[in-house]
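Colleague: have a look; sequence and predicted model below, questions after that.
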Number of protein chains: 2
Amino acid sequence: MIINNGIELGNEKLDFATKVITELQNELPKYIDDGHGPFLAAIYRDKILIAKTANSVVIDNCSNNYAEVNVIKTAQDILDSYDLSPFDLDLYVTAEPCMMCLGAIMWSGVRSVFYGVPSDTVEKITGFDEGFKPNWFDEFNKRGIAVYGNIEPDLGEKVLKEYAKNGKIYKPQR
Amino acid sequence: MIINNGIELGNEKLDFATKVITELQNELPKYIDDGHGPFLAAIYRDKILIAKTANSVVIDNCSNNYAEVNVIKTAQDILDSYDLSPFDLDLYVTAEPCMMCLGAIMWSGVRSVFYGVPSDTVEKITGFDEGFKPNWFDEFNKRGIAVYGNIEPDLGEKVLKEYAKNGKIYKPQR
C-alpha cells in the first residue's frame, strides 16, 4: 500500500507516479548491465522529463554518485540553477532515498519525492547500508516536501534480487 | 570543549586536528572572497594532505557541492577508488557536517571526522538548514568512524558571522 507524509497530491499525480516508477524499474536492468548500481532516478516538471540518471558509483569511481545526487546535478545543469524550487519539480526513484540523498533532495528545492522499494527491504535484499533517518516523512512535511512511498514495490524487489545475485555490493571496509 | 563519539584517538591526533582546523578557518575567508560558500574541508592520510575543497554550490550551480562532498570526490579521483577505507583517511571540516554530508562521509570509507563549529551554532548564525541527524555520534560509532567536534569553535564562528553579513544564504523557497 502506498504511504505518504500527509501532503496530499491527488489521484492524477499518483497515477502518473505509478506509471513513472514502473517505467524506471523496467529500464533499470539495462542500466545495471552497463555497469550502473541498481537505482534509477528521474526528475519531471509536471509530465515533462527533465533528467534521468542511475547510480554511477562504480563506473564514475565516486561514492557520492547515487541516482538522486546525479539526477539533481543533471537537472541543475540543464536548468542552470542550484535552486530547483522555482521550477516546481518532482523526483522519482526506484527505492527509498538513503540518508545522503534525503539531504541532497532537501537542499535541491524539488517539491515532492516518489519512491518504489522501502529502505528496510533494500537493506535485506542487497546488504547496502541506507543510514539513519528516523521520522524523515515528518521532517519533509515540515519543509513542505511531499513524499509518496512503496509504489509498485514488488516490481522493484525483483530487480534488486536479480542484482544481488551477481552485482557489486559496495560497502566501506571497517 | 572538544567532544567525541567514544572512539579514542589519542592526544597527538587531537593536537594535529586542532592545527588543521585552525588553518582551515584561517584560509576560509580567501575561499569566500572567490565566491565559495563558508565551509572548507580537507582529507589527510596521517599528516599528508590528500585533498582540500570548499563549498562550491553557487559557483558550480549545484546544490550537492558542499565542502565534504567535494573533498570526498577529489580524494577518490586522486586515489582512483570509490572506497577510501583501505587508505585510512581523516576528514577535517570547518563546521559540523549536515545530513547529506554525514551520509556522504559514511559511504566514502573515511575513518574519522574532525569538525569546528557545531550545527546549532551554524544555523543560528547563518540561517542555513542543517537537516535532522539525531544520535549521529552513536551511529558513526556503530560504524567504526571516530568523530571529534567543537574544535576551536570561536575561530569558526567569527568567519561565519563575517560571512552572514554579506554572503549568500541559499535556501530552497517553499
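Modeller: Received the coordinates, thanks.
Colleague: for stretch A:145-160, measure first residue to last.
Modeller: End-to-end distance for stretch A:145-160, by C-alpha to C-alpha, to the nearest Å: 27 Å.
Colleague: so which bits of that stretch are buried?
Modeller: A:145-153, A:155-157, A:159-160 (16 or more other C-beta atoms under 10 Å in any protein chain shown). Heads up, the C-betas are built off the backbone N, CA and C, glycines and all.
Colleague: then stretch A:82-91?
Modeller: By neighbour count on 16+ other C-beta under 10 Å, the buried set for stretch A:82-91 is A:82, A:83, A:84, A:85, A:87, A:89, A:90, A:91.
Colleague: tell me the buried residues in the longest helix seen in chain A?
Modeller: The longest helix of chain A (DSSP state H) is helix A:11-33. Buried residues in helix A:11-33, counting neighbours by 16+ other C-beta under 10 Å, are found at A:13, A:14, A:16, A:17, A:18, A:20, A:21, A:24, A:25, A:28, A:31, A:32.
Colleague: same check, this time on stretch A:125-134
Modeller: Result for stretch A:125-134 [16+ other C-beta under 10 Å]: buried residues A:125, A:126, A:128, A:129, A:130, A:131, A:132, A:133.
Colleague: so that stretch, near chain B or not?
Modeller: Yes. With C-beta under 8 Å from any C-beta of the partner chain as the criterion, chain B is reached by stretch A:125-134 at A:129, A:131, A:132, A:133, A:134.
Colleague: where do the strands sit along chain A?
Modeller: Applying DSSP state E to chain A gives strands spanning A:3-4, A:40-45, A:48-54, A:89-95, A:112-117, A:146-149.
Colleague: re the thing from before, the longest helix of chain A vs strand A:89-95, what angle?
Modeller: Relative orientation of helix A:11-33 versus strand A:89-95 (axes from the mean of the first three to the mean of the last three C-alpha atoms, to 10 degrees): 50 degrees.
Colleague: and the angle from helix A:11-33 to strand A:40-45?
Modeller: Using the same axes, to 10 degrees, helix A:11-33 lies at 140 degrees relative to strand A:40-45.
Colleague: skipping adjacent residues, who's closest to residue A:130 in space?
Modeller: Take residue A:130 and drop its neighbours on the chain: the residue closest to it by C-beta to C-beta, 6 or more residues apart in numbering or on different chains is residue A:119, 4.1 Å away.
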